[in-house]
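Peer 1: structural data only, the sequence is not supplied:
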C-alpha cells in the first residue's frame with residue numbers, strides 16, 4: 001500500500017496561533033454547505049461532525065492537513081467518506097451502520113463520539129483509503145449522455161460508438177441496457193432493473209432513438225465487478241443514507257456481471273489518441289464521454305486529451321462526425337456543466353457549448369440544448 005507520504009514524515013498538526021481553522025476544517029465546512037445545498041442532510045451532518053472531531057484524530061487529520069495537493073480536486077474528503085463507509089459495511093465500525101446503512105441522522109454528540117472512535121481506532125484502514133484515488137461509478141450521470149446523444153441526433157440521427165474516459169468499472173457503458181427517462185422522453189431499455197430518471201428542468205429533451213453500436217472505456221485503475229473487493233469499493237463511495245442510489249448501484253452491478261463492460265487499463269490521453277485513429281464506419285457518430293474525471297487529471301494530461309480531439313477533429317467528415325460530451329465541475333466548482341463539442345468537417349469545428357447544468361450525482365438536469 002502506497003501512502004501519499006509516510007506517517008513519520010507528517011508534522012503534528014497544531015492550531016493556528018490566531019485561532020483560524022486549518023485547511024481540513026475549511027474544506028469540510030465547504031463540503032457541508034454544498035451537501036446541504038444539494039439536499040443531503042446526512043452528508044452535511046457528517047461533514048460538520050468531522051470538522052469538529054477530525055483535528056483531534058491524530059494521523060488521519062495530519063495526513064489530510066498536510067496533503068501535498070488540493071483537497072477538493074483530489075477528492076480527499078470523498079476518500080475519507082469511503083473509508084468510513086467501508087468500516088460500516090464490513091462491520092468493523094458497527095456504530096457507523098446507523099448513519100451509512102440505515103440512513104439515521106444521529107444527534108450531534110453521538111455522531112461526534114462515533115466518528116472519533118472510528119477515526120482513532122481504525123486510522124491505518126482510513127489512511128489506506130486516503131492513499132488511493134476515488135473510484136466511483138455513478139450511473140445516474142449517464143442520463144446526461146443519453147440526452148446529449150438525442151440532441152446530437154436532432155439534425156441527423158446516426159448510430160453511435162461510445163468511448164468513455166475514466167470509466168472505473170464500466171457501469172456507464174451498459175447504458176443501452178438501462179431505462180432512461182428524460183422528462184416526457186423515454187429511451188433505451190424500458191423494462192430494465194436500472195432506471196435513470198433525473199428531475200428534468202428547462203427545455204424538453206429531443207425525442208428519438210438511441211442506437212449505440214459499441215461502447216468501450218479506459219481507466220488508470222479499472223475495477224472489475226466480478227471481484228468482491230471491487231464491488232465493496234464501489235459501494236463505499238456512496239454518501240451516507242443514499243438508499244436509492246445504493247440500490248441503483250446494486251442493480252447496475254448485477255447487469256455488469258451478466259454483461260461485462262469493456263474497460264482497458266491506461267492513461268486516458270494515450271488510449272484516446274489510439275482509439276480515434278481507428279477506422280470509423282461511415283454514417284456512424286463517434287462520441288467520447290467523460291464525467292467528473294478532469295478534476296483528477298493534471299494540466300499535461302488535460303492538454304494531451306484536447307490535442308487528441310483536435311487531431312481527430314481535423315479528420316472528421318459529415319458522414320463520420322466526432323463529438324465530445326463532458327459532465328464536469330466548472331473551474332470555480334460552483335456548478336456542474338454538461339458540455340458538447342462537435343467536429344464534422346463542415347459546420348462544426350469543436351466549439352464547446354453548455355447544453356445543461358446538472359446535479360453532481362445526476363439527480364436533476366437543467367437542459368438548455370444546443371439550438
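Peer 2: Perfect, I can see it now. Remember, it's a predicted structure, so these values are computed and weren't measured experimentally. Numbers count the residues shown, from 1 in each chain.

Peer 1: now stretch 134-154: buried residues?
Peer 2: Across stretch 134-154, burial judged by 16 or more other C-beta atoms under 10 Å covers 134-153. C-beta: built from backbone N, CA, C; applies to glycine.

Peer 1: distance between the helix or strand hosting residue 78 and the chain's centre?
Peer 2: Residue 78 is located in helix 76-89, with elements delineated by DSSP states H and E. Distance of helix 76-89 from the chain centroid (C-alpha atoms, centre = their mean, to the nearest Å) equals 15 Å.

Peer 1: packing partners for that helix?
Peer 2: When contacts are defined as 3 or more C-beta pairs under 8 Å, 6 or more residues apart in numbering; DSSP states H and E, helix 76-89 packs onto helix 23-37, helix 41-53, helix 59-65, helix 97-100, helix 108-121, helix 123-130, helix 228-236.

Peer 1: look up how far residue 324 lies from residue 360.
Peer 2: Plainly put, residue 360 is 20 Å away from residue 324 if you go by C-beta to C-beta, to the nearest Å.

Peer 1: between the two, who's got more neighbours?
Peer 2: Neighbour tally, residue 360 and residue 324, criterion other C-beta atoms under 10 Å: the higher count belongs to residue 324, 24 against 18.

Peer 1: so that one, which state does it fall into?
Peer 2: Look at residue 324: counting by DSSP: H, G, I helix; E, B strand; the rest coil, its state is strand.

Peer 1: just give the closest residue to it, not the sequence neighbours.
Peer 2: Counting by C-beta to C-beta, 6 or more residues apart in numbering, residue 341 is the residue found nearest to residue 324 once chain neighbours are left out, at 4.4 Å.

Peer 1: same thing with residue 167?
Peer 2: Nearest non-adjacent residue to residue 167, counting by C-beta to C-beta, 6+ apart: residue 217, 2.7 Å away.

Peer 1: and the helix or strand where the one you found lies, how far out from the chain's middle?
Peer 2: In the assignment (DSSP H and E), residue 217 maps to strand 212-219. In terms of C-alpha atoms, centre = their mean, the centre of strand 212-219 is found 17 Å from the chain centre.

Peer 1: quick check: buried residues in that strand?
Peer 2: 212, 215-219.

Peer 1: try stretch 308-327
Peer 2: Residues of stretch 308-327 classed as buried by neighbour count (16+ other C-beta under 10 Å): 308-309, 312-313, 316, 320-327.

Peer 1: closest to the centroid, which residue in this structure?
Peer 2: Note on the chain: the residue nearest the mean C-alpha position is residue 292, at 4.6 Å, using C-alpha atoms, centre = their mean.

Peer 1: was I right to think that one contacts residue 329?
Peer 2: Yes: here residue 292 reaches residue 329: they are 7.2 Å apart, a contact under C-beta atoms under 8 Å.

Peer 1: mutual contacts of those two, please.
Peer 2: Common contact partners of residue 292 and residue 329 (C-beta atoms under 8 Å, 6 or more residues apart in numbering): residue 360.

Peer 1: all strands of the stretch 201-350 of the chain, in order?
Peer 2: Taking DSSP state E, counting those that start in this stretch, the strands of the stretch 201-350 of the chain run over residues 212-219, 263-265, 285-291, 322-329, 336-343.

Peer 1: how far away from the center of its chain is the following helix or strand past the last one?
Peer 2: Pointing back at strand 336-343 there. Toward the C-terminus, strand 336-343 is succeeded by strand 353-358 as the next helix or strand (DSSP H and E). From the chain centre to the centre of strand 353-358 is a distance of 17 Å (C-alpha atoms, centre = their mean).

Peer 1: mind listing what the following helix or strand past strand 353-358 pairs with, with the direction of each?
Peer 2: Scanning forward in sequence from strand 353-358 by DSSP H and E, the next helix or strand is strand 364-367. Counting by DSSP bridges, the strands paired with strand 364-367 are strand 199-202 (parallel), strand 353-358 (antiparallel).
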